[in-house]
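1. Sharing a model that was predicted from the sequence below.
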Amino acid sequence: MNQRDLQNRKTLWDSTMGVAATLVLWPLIVSVPLMLQHTYANIFKSGWYAYQQKPKPLGLCLGLLAVAVGQTFVLCYQYVRWTKSKYAGKLVPVQPNEYRLYDYAEAAQEHLSQAEGFAVIGCYLTCTWMLHLMPSSYYSFEGGVAWSKVAACLLIQDFLQYVMHRAEHKVSKSLYRASHEPHHKFTNPRLFDAFNGSLTDTLLMIVLPLFATKSIVHCNVWTYMAFGTLYANWLCLIHSETHHPWDCVFQACGLGTAADHHVHHKLFSYNYGHLFSYWDRLCGTYRHPQNVRQFRKNHKDPTQWKPHK
Ligand SMILES: [Zn+2]
Ligand SMILES: [Zn+2]
């Protein structure tokens, strides 16, 4: 076998692993609502989920479980890639001229225990659920996941996040410093930097849009769950230091990729959207990753990344 055949074989293997990872990971992210939407009545007593004007904790617990399960699969997927296993396929760094060395377990532990990340969002979800601040449709277990409403929630949430994100950058220097600046020390982010910022940043850019989105789109518990786990885990995935196998398809469809979000972290004033690039394209703030000089391989050896000061 000559060198060219060997290269082709590698490419076929990489593509196969990439397609397999995509087809397995995304359904796993929504595995809890997918598995329980039609079987819940056989598992739980009707008194635990029947809606009688008073919120019951089952829907909330399953929602938090859905995000936790999705996150577990995302961390396993990224771990396989971090080890540079042959099952990860070919790994391409988003920023090829810099590298970041880190201990996976340490980074994962820090990511999961950040007070301004999952803890704040978990508190918001618990309070709005148990204090009956959600529209009554959210407490209903009837009907499965309505995918059109999942899409609507993701689009509205991302649009509101775009507006808040841009405001944090542009309204005033003091607002930027008090809210979003800590997240911008990562000019070459990794998956674990997704929720690493400040409490104000999480409240303005995630919690407030979530509160508005739930008032605009009225869904049932399964739809809310699917939206929540897709949203939280996708936010992590776009911070990845390496390209994902689905990124070329996502890029073509205007869905957020790691490279799109790295453009924002590198240049600060482009790509304010996270899950979609539509708002940036409409408002003239989109920059394609291919047009960013720092994302093209130079002729020097990669240097170790240092946080932005
Ligand atoms: Zn970010
Ligand atoms: Zn920003």
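-> Looks like it came in fine. Ligands and ions are numbered 1, 2, ... in the order given.

2. can you list contacts of whichever strand or helix holds Thr200?
-> Here Thr200 sits within helix 199-202, counting by DSSP states H and E. Helix 199-202 is contacted from outside by Ala115, Glu116, Gly117, Val120, Ile121, Glu168, Ala178, Ser179, His180, Pro182, His183, Phe195, using Cβ atoms under 8 Å, 6 or more residues apart in numbering. For glycine as for every other residue, the C-beta is placed from the backbone atoms N, C-alpha and C.

3. could those go into TSV alongside neighbour count and distance to Pro307?
-> Output for the contacts of helix 199-202, formatted as TSV (neighbours: other Cβ atoms under 10 Å; distance: Cβ to Cβ, whole Å):
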residue	neighbour count	distance to Pro307
Ala115	11	20
Glu116	19	17
Gly117	23	18
Val120	18	23
Ile121	21	24
Glu168	22	19
Ala178	15	19
Ser179	24	18
His180	21	15
Pro182	16	10
His183	22	11
Phe195	23	17
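
4. which one of those is nearest Gly228?
-> Among the contacts of helix 199-202, Ile121 lies closest to Gly228 (Cβ to Cβ), at 9.0 Å.

5. Past the helix or strand harbouring that closest one, which element shows up next along the chain?
-> Assigned by DSSP H and E, Ile121 belongs to helix 120-130. Counting by DSSP H and E, the next helix or strand C-terminal to helix 120-130 is helix 147-170.

6. Please state the offset of that next one from the chain centre?
-> In this view, helix 147-170 has its centroid 13 Å away from the chain centroid, taken as Cα atoms, centre = their mean, to the nearest Å.

7. Report the buried residues of the following helix or strand past that helix.
-> Next helix or strand after helix 147-170 toward the C-terminus (DSSP H and E): helix 173-179. Within helix 173-179, the residues that count as buried by 16 or more other Cβ atoms under 10 Å are Leu175, Tyr176, Ser179.

8. Likewise for stretch 131-139?
-> For stretch 131-139, burial by neighbour count (16+ other Cβ under 10 Å) applies to Met134, Ser137, Tyr138, Tyr139.

9. how about the CA coordinates for it, as PDB?
-> Written as PDB, here are the backbone C-alpha positions of stretch 131-139 (Å, rounded to 0.1, in the frame of the first residue of the first chain):
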ATOM      1  CA  LEU A 131     -42.600  29.000  42.800                       C
ATOM      2  CA  HIS A 132     -45.000  28.400  39.900                       C
ATOM      3  CA  LEU A 133     -43.400  31.200  37.700                       C
ATOM      4  CA  MET A 134     -43.600  29.000  34.600                       C
ATOM      5  CA  PRO A 135     -46.600  29.100  32.300                       C
ATOM      6  CA  SER A 136     -48.900  26.200  33.300                       C
ATOM      7  CA  SER A 137     -48.100  24.300  30.000                       C
ATOM      8  CA  TYR A 138     -44.600  23.600  31.300                       C
ATOM      9  CA  TYR A 139     -46.000  21.400  34.100                       C
END
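
10. Now the buried residues of stretch 131-139 in a markdown table, please, with extra columns for distance to Leu125 and pLDDT.
-> Shown next, in a markdown table, are the buried residues of stretch 131-139 (distance: Cβ to Cβ, whole Å; pLDDT from 0 to 100):
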| residue | distance to Leu125 | pLDDT |
| --- | --- | --- |
| Met134 | 9 | 97 |
| Ser137 | 16 | 96 |
| Tyr138 | 11 | 97 |
| Tyr139 | 13 | 96 |
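
11. Identify the farthest-apart pair in the residues you listed.
-> The span of the buried residues of stretch 131-139, defined through Cβ to Cβ, is set by Met134 and Ser137 at 8.2 Å.

12. Does anything pack onto the lowest-mean-pLDDT helix or strand in the chain? Which helices or strands?
-> Every helix and strand of the chain was ranked by mean pLDDT, DSSP states H and E. The lowest is helix 3-29, at a mean of 79. In terms of contacts (3 or more Cβ pairs under 8 Å, 6 or more residues apart in numbering; DSSP states H and E), helix 3-29 is packed against helix 57-82, helix 221-237.

13. cutoff 6 Å now
-> Judged by 3 or more Cβ pairs under 6 Å, 6 or more residues apart in numbering; DSSP states H and E, helix 3-29 is in contact with helix 57-82.

14. Just want the angle from the helix it packs on to helix 3-29.
-> Here helix 57-82 runs at an angle of 170 degrees relative to helix 3-29 (axes from the mean of the first three to the mean of the last three Cα atoms, to 10 degrees).

15. contact partners of the helix holding Ile121?
-> If you take Cβ atoms under 6 Å, 6 or more residues apart in numbering as the criterion, helix 120-130 is touched by Pro55, Leu60, Met134, Thr202, Val207.

16. Before I go, just wanted to say thanks for your time.
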